[in-house]
Each structure stands twice: as structure tokens, then as C-alpha cells.
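1. A predicted structure for the sequence below; I have some questions about it.
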Amino acid sequence: MPSKKRTQFQRASVPSSVEVNPSSILSAPWHSSWVYDWPGVDIHLDKRCQNHHFFARHALRENQQQSFLPRLHTINNPRKQYKDLIYILLNMRWVPFTMILVGVYFGMCSVFALFLKSCGDYDSFQNNFDLSFQTMATIGFGVLYPKSRCANYVIIAQAIVSMLLLAALSGMVFAKFAKPKAKMAFSSVCCVQPYGKDKLALVFRVANATRSSDVTRDVIMDASFSLHLMRIEKSVSADKLVMRQYPLTLLQSNYITFRMAMALVHVIDVDSPLHGLTQDTLLQSEMIFQVSMTGVDSTLQDTVIERRLYTVEMIRWGEKFAEMLDFDEQTSVVSVDFATLSSTVSAPIAPAARSFRHKENTLAHTTRVRAQPSESELLVSSPTPKMSWASSQRRILQRMQSPGIQSADMEPLFEPLLQPSIGIQRLRNIRRASQDIDMVPQQLVRLRQQLAGTESLTTSDDVDNDNDDFYEQEEDKVLISSVNSRHSVEITNTPRFVRVHSKNVPMSYSFMSFYYTALHMKWPRILIMIVGSSLLVNTIFAALLYANYADGIVASEAVTNGSHPFEVAFYLSLHAWGTIGYGSVAPNPDNTLSNIWVAIESILSVIFVTIFTGIAWSKFARPRAHIHFSQNIVLSTYNGHKCLLLRAANTRHHGDIRESNFRMGVILSNSKTGLRQMQDVPLVNPQWPSILLPVTLVHIIDENSPFHQFQTPEDFSAHRVSVITLFTGLDSTFAENVYARKTYFWDDFVMSKHFENTVDFTPDHVTVDYNKFDSLVDDDIPFHLQV
């Protein structure tokens, strides 16, 4: 419980109507390198804008929006809006979703009732609607039934439509039921509180909002959290506004299991983009935080994702979270009060600590080795994921903190979060045992000390810097060897082909082959296939029944008048196929053969509907990335560096893809062996917090780059260079991994050009112009003349 000596800290009032002033937006500090830029975005500040802030602050504060952007508008989007209908329906609440399904169902009944009324069998619309409804529901009481040829053909069409509609609606409902949903509760505010004597910490709180009383149930396993900062800044090189995104380091971001409540802590030290932040500069900042969670639901065994956005108004300066857990040792019950999830208490930031931080910031440029990393160091710190097994995290062994800087006022559950976890660690830069590389002795000693609890947590900055330099040297060695060896895959030298014809495949054609083919089909082709196969099967059974028409079929006089005997047999086949059974036409009870044909057809219809329902559900529940890549890959000069550039965008109108990662590989012909080799190439920014806006992928062409040797388009053609780009992410609707890929060949490379900006960002709206997505602009200096 909080101490009685604590005094309530008066919250700073943050008026929501504060207008954005270009002079109030802070200039980029030293760590805000162009590495963190969001290329292709033009930031405009128009006084005529109705909104006062760039990010959707009001909507986010009222929990009305899940995007950090204001109203998003696209021009000439290659993906049509109607194709996102499934995402709209699946993300609806159950009440409007059910109302839409009921409306579609009875709407189709009304349409066919109008067709039946035009046939003239029944005069009143109610009788025709009842007949249509009984046909759609495959009831067929027999009181109302089609009589004329016109009505029977309308019933044939409706029977097929009812099978398709019921299968599609069933698949959609099941897809919505099976859609995983994370039971996560994020605090509505975040806190900036003291962290030891000379630092601050940005703290978020998250809890598992399950109602289960069993501590072993509804657990989120392998929970992983990430924190990103999006901020509008003034560029150092040019007096213009730029948008930058920073990945912020959490003291602990991975948890084996997550059952109750956790605090996510980001230390605002000299390496943090928030270093030097004060309460005054906080109010002038145009920034937003995004907290993302990915884990596995222990009940469904499915991946669950969740995200929460925090604006400047949601930050509580000089406060900390109040306790929300109550431990009863007698009953062994832990009470979790979600009403206090966002409750805060005073945690005043001492003026002495603030002045000490400013002094530290002034001396940091001369006393700390890592205070001002160069651009090249920043580029190396963000390699492509999977480029080497140790390159996905720049600092796996986090800097150990001193006990003196622990916050004594944090609730007990949060105390361990203020020091790095030693539960599960990978040794830095140690290659697998099969590679015959000995482990670094210092790492083994340090890990043993951590596990034994004998290592002192009071390490000085000088020791940290020495360790960092040592690990960076080892990391560079492993990085170089990894690019040249582990990811060099020899493949046969093949020309540029776009289709493959397989011969003598050892696997026989099975239902799984048909299932895969159906998943890749478009919906119109699937519907044509279903309707065509239904008519074909019914025609075959109609012929079998027609062969025994005289003794095998019993029909009313109203049906036989004006219809050919084969048509009557076809009516019977459709009634059996659609499981309707009006009674107006039926197999003769005394004829065994006709009853056998009807029994076989009814079984086939059940199998047919089941298969199509499964295909429909798989099509509805199958996530797709819908990533649009640029037509060309560009070699240009970007911020003084020779770079390789390409663009990618999410063309969906609804929903976002989270945990977006890109990977790039180049395939070259080896002049010595004649074989083609593939290797990964590092990207400046392979991970993005969101892909709602188009992103530009940048690869620096230095002496270690495989593109360093190419100066003209003829060089690419001579070596038959091709580049493969892979995108991976988590679909926000289905919470499943989605992938997209694009292959660029040697004639897709363009030199001495750069992409035109395609995003216009204002406080009122964001416009993405896809007419400019592939538009290229000439460089001021040709690529081959750059030094």
C-alpha cells in the first residue's frame, strides 16, 4: 500500500486546445539522425486546419480511433474499397454484424419472391415470399410449391443460391467466432517518474483482463512488448518539419507467461530520444507513443495482438501508478482491482535531479564514449532481422543498473522490472556449436555470475563503455562472417522465367491439391465452379431418373403440365440436391432404383455443401498482406550516402499490419564458379511500427555492400542481378502472420533518380497519392559521379 508520508502531486493541466506553432516544435537533437526519418512524407502546417495537432489526439483520448494518424485519404489506390468488405464485417460488433446478415438473407428471399410473383403461380406477395423463404431455408412443407415451368426454374436458381449463401454466411460467422482477441487492459495514462537519483523513467501499465479465478488459465504465453515513438521534429540539415519514428528500449520486453499486471519501463537516459525532456518541452512536443503486445493465448493456442496509443495529454509528469494488487497470504488470493489500473499517486521529480541531468547532458559529449554515435554507427545498429543470428537485437545483454538507482516507491510487482532479466539470454555473438567457434569467455563468466547472483550490479559507465566496445568488435566480426558464409546459398544459374512446369512429381494429386488451388482462385471463378459443378451433377442424376421416369417418379398434375419429363426429373434432382422436398415431385416409394439415386444424390449434396463451406471459411479467414511494392528499385544519393531505395505500402483501406518487418536479399552470378549466390543485405530501418503510410527501404552502398561494384545499368545486366524483398507482419484482424514478396530483376534497376514524396501530412488529414508512388525524380548529381 502507498506510504502515508506520500503527498498527492498536483497534475499539470494540459489544455487540449493548444495550437501548434512551428517555432515551438523542437529541433532534432544529435541522436535524431536521418536514419529514423519516415521518407516520402511532406509535413505541412496550415493555419486553416481545424485541428490543432498532427496526431489524432482527441479521438485517441476518447478511445475512438486505433490509428495515430488523422483522417486518411488515398488517391488512385490500386486496391478497390469493396475488396475490404470482409475486414469491415469481421471487425464489426456482433449486433450490427447480425443485423446485416439477417438483412442480406431476407433481402434475397424478397428478390426471389418478386420473381415468383411474376411467374403467376400465386397472386399474393405473402404466398410467394413464404415459398421463397421455405426454399431458401430448404424446408419445403408442401402446402406451397412451384407449379409452372417458370416457377420451377426460379426455384432451381434459388436452390443453388441458397447453398452458396448459407455456406458463405456460415463460413463468415465461424471466422468471426474463431478470430482471437487479446484480453488486455492498458492504462489510459502513462507516467514520467524518478528513476534513481539522476534519471527519469517512462512507465506504462498493462494487465491481463481475464475473469478466470484460476491462475493457470487464460495465460498469455511468450508475451512480447514493443514501444515506438512517432514525433514531428525540425530537421537539422534543412529548416523543415520531418516525421521520425524511434524504437524505444524497454527494461524487460519479453515474458514467458503473463497473468496479472506488469509495468513497462523505458529509462530516459542519454541514449533515449526523450533525453532532456522537461514538463515544458513535453507540452510543446508533437509526438505519440505506440505500445504493442504479441503473445500466445493459452486457451486457444492462437497468436493474439494488441496495441495502445498514448498522446502527450495522456502523460502524467511527476506521478507514478498506484498499487492495484492486494496479496492475501491467509487465503492465497491475489486481488486485482482494474478500477485502479490508471490510478496514479505523486512521485515528485526533485529539482536537484533535473539540474544534475542537464549537467550530465553538457558533459556527456566529452566524458561518454557512446554519447554521440556517428551516422555509420547508427546504420550498423539497425541491421536487417535474420541477417545474422545475433543481429536482431543490438544489445541483448542490457546494461546492468545500480541498486542505488532503484525506485524504492514502486509497488513490489514492479521492482524486478527495474533491472534486466537474466532468466533467458542468448550469448552475444556466439555462433552455434556446429560452427566450431568457441564462446567468448567474458560472456560465460558474466552469465554464470548473474545466474549465481554473485555479480555486482554497481557497474560504472566506464566499464559499460568498455564492454560495449568489446561486444561491438565481436559483433562486427560475426556480422561480416555471417554475410559471407551462413547466408550464402548456392543455387543453379537459371534465366529469368516466370512460370514453372513440373514433370514426374512424386506426390499424387489429392484433395489437398484441390484445396490449395481453390484458395488461390478468385471468388468469381469459385462461384462459377460451384454453380457449374452443381448443374452438372444434377443433370447426371436427372438423366438417371429420366431413364426410369414411367415407374420411378411421382409428380402432381400441376408440375407435369407444360414441362417435359426430363424437366420433371431435373426438378426432382434439384429438390433432392437442395434438401427441399416439397412433395409435388418425388421418387416412387415402390421403385427401389429411383430411391437409391435420390439417396446417393442427397449424400453428395451434404458433402458438397460441407466442402464449399470449408473453402468459404478458409477464404474468409485467410489473411493477406496486400502489400504494394514499387515497380523499380532505385540507386540514388540519400543524405550524402549512396543508397539503394525501394517503396512498399499497405493498400488496404481498413485494418493495419503490425510488427512490420522487411528483409532484402540479392542474387548474383559468381564469376569464378559460374553459380548464382544469394545473401542478405542490411537495411537502415527494417522494422516499422505501422505500415498505414508508405515506407521507403534504404540500403547503404558502402565498400561492404554487394552493390558497390556496379556503376552502370550494364553492370547489373552482365551479372544478372536480382533482388528479393520479403515482408512479414501480423494482421490486426486475424492476428496471424502475413507475408508478401517482390522480385526485382536486372532491368528493374534505375540509377540517378529518387522517389517523389507521395504522402501529404497535415493536422486535418493525411493524403496518400498513389499516382506518385512509382514517380521518379532526377538526382542533382548522377549516381556514378558521387564519391
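-> Yep, it's here. Numbers count the residues shown, from 1 in each chain.

2. Can you give me the domain boundaries for the chain?
-> 181-372+388-421, 511-621 (automatic domain parsing).

3. Can you say which of these is nearest to Met751?
-> With CB to CB, the closest approach to Met751 among those belongs to domain 181-372+388-421: 23.8 Å. Glycine gets a C-beta too; all of them are placed from N, C-alpha and C.

4. So for that closest one, mean pLDDT?
-> The pLDDT scores in domain 181-372+388-421 average 74.

5. Also stretch 667-683?
-> Rounded mean pLDDT across stretch 667-683 is 78.

6. And it, what's buried?
-> Within stretch 667-683, the residues that count as buried by 16 or more other CB atoms under 10 Å are 667-668, 676-677, 679-683.

7. Could you give the separation of it from the chain centroid?
-> Put simply, stretch 667-683 sits 31 Å off its chain's centre (CA atoms, centre = their mean, to the nearest Å).

8. likewise stretch 249-262?
-> With CA atoms, centre = their mean, you get 20 Å for stretch 249-262.

9. That stretch: end-to-end distance?
-> Start-to-end span of stretch 249-262 (CA to CA, to the nearest Å) is 16 Å.

10. Okay, buried residues for that stretch please.
-> Quick answer for stretch 249-262 (16+ other CB under 10 Å): 249-253, 255, 258-259, 261-262.

11. Same check on stretch 579-593?
-> Those would be 579-582, 584-587, 591, for stretch 579-593 by 16+ other CB under 10 Å.

12. which one of the domains of the chain lies closest to Ala151?
-> domain 511-621 (9.6 Å).

13. quick revisit: can you redo the domains of the chain as TSV, where the extra columns are distance to Leu697?
-> Below are these laid out as TSV (distance: least, CB to CB, whole Å):
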stretch	distance to Leu697
domain 181-372+388-421	14
domain 511-621	27
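
14. between those domains, which one is nearest to Leu644?
-> When the domains of the chain are compared by CB to CB, domain 181-372+388-421 sits nearest Leu644, at 18.7 Å.

15. that older thread, of the buried residues of stretch 667-683, which belong to strands?
-> 667-668, 676-677, 679-681 (DSSP state E).

16. quick revisit: closest to Ile349 among the buried residues of stretch 667-683?
-> For the buried residues of stretch 667-683, the nearest to Ile349 is Leu683 (38.3 Å; CB to CB).

17. Compute the distance between the closest one and Cys643, please.
-> 10 Å (CB to CB, to the nearest Å).

18. name the helices or strands packed onto whatever helix or strand Leu114 lives in?
-> Assigned by DSSP states H and E, Leu114 belongs to helix 94-119. Contacts defined by 3 or more CB pairs under 8 Å, 6 or more residues apart in numbering; DSSP states H and E place helix 94-119 against helix 125-136, helix 149-178.

19. looking at these, which is buried most?
-> Mean neighbour count (mean count of other CB atoms under 10 Å) peaks for helix 125-136 among these, with a mean of 21.

20. Show me what that one is packed against.
-> Short answer (3+ CB pairs under 8 Å, 6+ apart): helix 125-136 packs on helix 94-119, helix 149-178.

21. I'd like those helices as JSON lines, with mean pLDDT and distance to Met221 appended.
-> Below are the helices and strands packed on helix 125-136 laid out as JSON lines (pLDDT from 0 to 100; distance: least, CB to CB, whole Å):
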{"stretch": "helix 94-119", "mean pLDDT": "93", "distance to Met221": "27"}
{"stretch": "helix 149-178", "mean pLDDT": "87", "distance to Met221": "19"}
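
22. From the chain's centroid, how far away is the longest strand along the chain?
-> Identified as the longest strand of the chain according to DSSP E is strand 220-234. Computed by CA atoms, centre = their mean, the chain-centroid distance of strand 220-234 equals 14 Å.

23. for Phe133, what are its contacts?
-> Counting by CB atoms under 8 Å, 6 or more residues apart in numbering, Phe133 touches 106, 109, 113, 139.

24. So the third one versus Asn127, what's the distance?
-> Just to be clear, that refers to Ala113. Ala113 is 9 Å from Asn127, by CB to CB.

25. Tell me which residues are up against the helix or strand containing Ile724.
-> Following DSSP H and E, the helix or strand that holds Ile724 is strand 722-731. The contact list for strand 722-731 (CB under 8 Å, 6+ apart) reads 294, 303, 305, 496, 623-625, 627, 629, 633, 646, 648, 655, 657-667, 678, 691, 697, 736-746.

26. partners of that strand, with directions?
-> Strand 722-731 sits in its sheet next to strand 657-669 (antiparallel), strand 737-744 (antiparallel), going by DSSP bridges.

27. closest to Val173 out of these?
-> strand 737-744 (22.6 Å).

28. Tell me the buried residues in the closest one?
-> 738, 740, 742, 744.

29. which stretches of the stretch 601-750 of the chain form helices?
-> Counting by DSSP state H, counting those that start in this stretch, the stretch 601-750 of the chain has helices at residues 713-718.

30. where does it have low pLDDT?
-> Residue ranges of the stretch 601-750 of the chain with pLDDT under 70: 670-671, 673-674.

31. Distance of Tyr82 relative to Ala168?
-> For Tyr82, the distance to Ala168 (CB to CB) stands at 15 Å.

32. Confirm Phe289 sits in a helix?
-> No. Checked against DSSP: H, G, I helix; E, B strand; the rest coil, Phe289 lies outside a helix; its state is strand.

33. can you count the residues close to it?
-> 25 (other CB atoms under 10 Å).

34. cool, Pro348 as well?
-> For Pro348, using other CB under 10 Å, the count is 15.

35. Next, it: secondary structure please.
-> Taking three-state DSSP, the label given to Pro348 is coil.

36. so who does His653 touch?
-> 74, 77, 79, 81, 84 are the contacts of His653 under CB under 8 Å, 6+ apart.

37. same deal with Val267?
-> Val267 touches 195, 199-201, 249, 251, 401, counting by CB under 8 Å, 6+ apart.

38. okay if I get those residues as JSON lines plus distance to Asn91 and secondary structure?
-> Compiled in JSON lines, the contacts of Val267 are given as follows (distance: CB to CB, whole Å; DSSP: H, G, I helix; E, B strand; the rest coil):
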{"residue": "Tyr195", "distance to Asn91": "39", "secondary structure": "strand"}
{"residue": "Lys199", "distance to Asn91": "41", "secondary structure": "strand"}
{"residue": "Leu200", "distance to Asn91": "38", "secondary structure": "strand"}
{"residue": "Ala201", "distance to Asn91": "35", "secondary structure": "strand"}
{"residue": "Thr249", "distance to Asn91": "32", "secondary structure": "coil"}
{"residue": "Leu251", "distance to Asn91": "34", "secondary structure": "coil"}
{"residue": "Gln401", "distance to Asn91": "42", "secondary structure": "coil"}
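
39. If anything else comes up later, I'll come back, but that's it for now.
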